[in-house]
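> Just need the structure, nothing else, for what follows:
(one chain, ligands or ions: 1)
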Amino acid sequence: MIFELRQKKNKFLEETYKKSMKELNGFYGINWVKNTPKVFILNSRDDINAVKNEKTEDWVVGWADYGNNIYVLDYTKMKTESSHKDGYSKDQYTALIKHELSHLFLRILTNGSYIPTWLDEGLAIYTSGQNNFKIEPEKFNQFLNFYSKHIEKDKTVYYESGFFVLMLVKRFGKQKLIKFLKSLKGVNNKKEFDNLFSSTYKFKLNYLEVNNIYTK
Ligand SMILES: [Zn+2]
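All right, here's what the predicted structure looks like:
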């Protein structure tokens, strides 16, 4: 497959990028200033499928790869090339870019260790401010379905996981979370992850114990 590349000059995108990198460096405690991520803007569903090498769902409008690149659908193509028929506001689009960049920061911090999908997405949602566009759940009852996949029937990992990360930060602090993420090096599976989580946070990853803290 052959693609034609061109640099894009766009003040809104450049400022969004700069601000996101600064804030994510601050959150993750990293100083990523050299070989910073590249952002690729795609113009159609067709291009998304070709670059991603799969037939994507129509809600997929961005992703991060394993080579420090992120890919997002063009701001003006949301209505026609995705299921987001109302389009994205500038704030939503800013959050989308920050979400994808956040995935790259987490990969650097945890260096290839096992990360449950709910934590990967939860951190990207929380750090990008996407919780602001979602309804806060009264209780958690589904994010733990997502350890190694994104979708189960009609439920998605994006509903609750950002609010669970918010709870961890609010109740236990950001430093503890960053320390926990760094301590994941060498963790290879769900069992090891869950054990490390409960010894760090002193509660188990089940809805009873999670909601106990959430509703307290
Ligand atoms: Zn994501």
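
> quick one, what contacts residue 90?
For residue 90, the contact set (CB atoms under 8 Å, 6 or more residues apart in numbering) comprises 12, 75. For every residue, glycine as well, the C-beta is placed using N, CA and C.

> what's the distance between it and residue 82?
16 Å (CB to CB, to the nearest Å).

> Could you measure from the residue in the chain that the ion sits nearest to over to residue 194?
Closest contact between the chain and the ion, by CB to the ion, is at residue 124 (4.4 Å). As judged by CB to CB, residue 124 and residue 194 stand 21 Å apart.

> before we move on, what about residue 129?
28 Å.

> Please apply the same query to residue 180.
12 Å.

> Then residue 109?
Distance, residue 109 to residue 194, using CB to CB: 20 Å.

> Residue 53 now?
32 Å.

> more neighbours, these two?
Neighbour totals were compared for residue 53 and residue 194, and residue 194 leads with 17 against 8 (other CB atoms under 10 Å).

> Pretty sure that one sits against residue 204.
Yes: assessed by CB atoms under 8 Å, residue 194 is found in contact with residue 204 at 7.4 Å.

> Could you list the residues in contact with the strand or helix carrying residue 213?
Using DSSP states H and E, the element containing residue 213 is helix 207-214. Outside helix 207-214, the residues that touch it by CB under 8 Å, 6+ apart are 139-141, 144, 164, 167, 171, 203.

> pLDDT score for residue 151?
Turning to residue 151, the model gives it a pLDDT of 69.

> The chain against the ion: which residues are in contact?
Within reach of the ion by CB under 5 Å from the ion, the chain has these residues: 121, 124.

> Spit out the contact partners of residue 176.
Counting by CB under 8 Å, 6+ apart, residue 176 has contacts 168, 200-201.

> go on, residue 204?
Going by CB under 8 Å, 6+ apart, the list of residues near residue 204 reads 194, 197-198.

> With pLDDT and secondary structure added, can I get those in a markdown table?
Shown next, in a markdown table, are these (pLDDT from 0 to 100; DSSP: H, G, I helix; E, B strand; the rest coil):
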| residue | pLDDT | secondary structure |
| --- | --- | --- |
| 194 | 98 | helix |
| 197 | 98 | helix |
| 198 | 98 | helix |
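
> Residue 1 contacts residue 47, correct?
No: applying CB under 8 Å as the test, residue 1 and residue 47 come out as separate, 10.0 Å apart.

> Longest helix of the chain, counting residues only.
The longest helix of the chain (DSSP state H) is helix 90-110.

> Residue 137 should be in a strand, yeah?
No: read with DSSP: H, G, I helix; E, B strand; the rest coil, residue 137 is coil and lies in no strand.

> Between residue 1 and residue 47, which is the more surrounded one?
Shown here are residue 1 and residue 47; by other CB under 10 Å, residue 47 has more neighbours (19 against 6).

> Not counting its neighbours along the chain, what's nearest that one?
Counting by CB to CB, 6 or more residues apart in numbering, residue 3 is the residue found nearest to residue 47 once chain neighbours are left out, at 7.8 Å.
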